[in-house]
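K.L.:
Just a sequence and a predicted model for now, questions to come.
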Amino acid sequence: METVKVRRMDPSGVVEIVLNRADALNAISTEHARAITAVGRGLAEDKTMRAVILTSSSERAFCVGADLKERQAFTDDDLRRQRLLTRETYRSILDLPVPTIAAVHGYALGGGFELALSCDLIVVDDTAVLGLPEVSVGLVPGGGGTQLLARRIGWGRAADLTFTARRIDGEEAYRMGIADRLVMSGEARERALELARGIAGNSPVGVRNVKRAMRLGMDGSLAAGMEIEDAAWRATAFSPDRKEGIAAFNEKREPDWPGL
């Protein structure tokens, strides 16, 4: 069985990555991590892709994090080897060049929460349960949780969640700024897909350059960020997409983007 599926929403350019280890609530085993990494790396080179949604085939969970049943038999050397893979797995989602949207329902815990945090936008429904419980089992978040959560909601709120290992529901996640959309039960995927299709209707060159500028500029000085933005503006303004966008606006029609 494929533990990760890829669906292409032609002709929109939206790609759906489906976590498909439902029998284990998408717990991330070594095999599952390899599959996610392979999908992420493969999509990174796809020039036709315009947006990505990350979803789950499980009715009960988005992803419950690391497969602790597998890890119970690990030696220290096994854990060190898996650690290298784990870092590549989360990086493969974080580094996708187009906007990424996590559609979260049910449990999103530990590494599962971190997969959502690796996306640019998070849609949760009212069944969502999110948390970073690592310190309660003698671990530390290792998929970007200590960094990505603080960047989303600030140091104090991130410290509250990571130090206490407490779980929160979708409504609190939305209030805290973790989630960007809160929807009714069972609607996370559809609302994420709508959002992705809206993004995909914009200039592919512009959207990719906006994401790159925001990511690169996030941690530097304002002056450095303004230079990054200028480079993104130039790369877009002198592309065929700009000419088509202006022509379509003046002719009152939908643009037919040349793209990359």
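P.N.:
Arrived safely, thanks for sending.
K.L.:
which residue ranges form the strands in the stretch 51-200 of the chain?
P.N.:
51-56, 61-63, 100-104, 107-109, 121-125, 129-131, 167-169, 181-183 (DSSP state E, counting those that start in this stretch).
K.L.:
Just put those strands in a markdown table and tack on mean pLDDT and mean neighbour count.
P.N.:
The way it works is simple: take the backbone N, C-alpha and C, and place the C-beta from them, glycine included. Below are the strands of the stretch 51-200 of the chain laid out as a markdown table (pLDDT from 0 to 100; neighbours: other CB atoms under 10 Å):
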| stretch | mean pLDDT | mean neighbour count |
| --- | --- | --- |
| strand 51-56 | 98 | 28 |
| strand 61-63 | 98 | 29 |
| strand 100-104 | 98 | 29 |
| strand 107-109 | 98 | 26 |
| strand 121-125 | 98 | 27 |
| strand 129-131 | 98 | 23 |
| strand 167-169 | 98 | 17 |
| strand 181-183 | 98 | 20 |
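K.L.:
Any chance of CSV for the ones you listed, columns distance to A33?
P.N.:
Below are those laid out as CSV (distance: least, CB to CB, whole Å):
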stretch, distance to A33
strand 51-56, 14
strand 61-63, 11
strand 100-104, 17
strand 107-109, 16
strand 121-125, 21
strand 129-131, 20
strand 167-169, 23
strand 181-183, 27
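K.L.:
so who does the residue most central in space within the chain touch?
P.N.:
Taking CA atoms, centre = their mean, the centroid of the chain lies closest to C119, which sits 1.8 Å from it. C119 makes contacts with 52, 54, 93, 100-102, as judged by CB atoms under 8 Å, 6 or more residues apart in numbering.
K.L.:
try 6 Å this time
P.N.:
Neighbouring residues of C119 by CB atoms under 6 Å, 6 or more residues apart in numbering: 54, 100-102.
K.L.:
Then Y107?
P.N.:
Here Y107 is in contact with 61, 64, 129 (CB under 6 Å, 6+ apart).
K.L.:
thinking again about what came up before, so the residue nearest to the centre of the chain versus D125, what's the distance?
P.N.:
C119 sits at a distance of 15 Å from D125 (criterion: CB to CB, to the nearest Å).
K.L.:
N250 too?
P.N.:
41 Å.
K.L.:
Same question for V6.
P.N.:
23 Å.
K.L.:
Could you do G131 as well?
P.N.:
Per CB to CB, G131 is found 16 Å from D125.
K.L.:
With L68 instead?
P.N.:
Distance from L68 to D125, by CB to CB: 26 Å.
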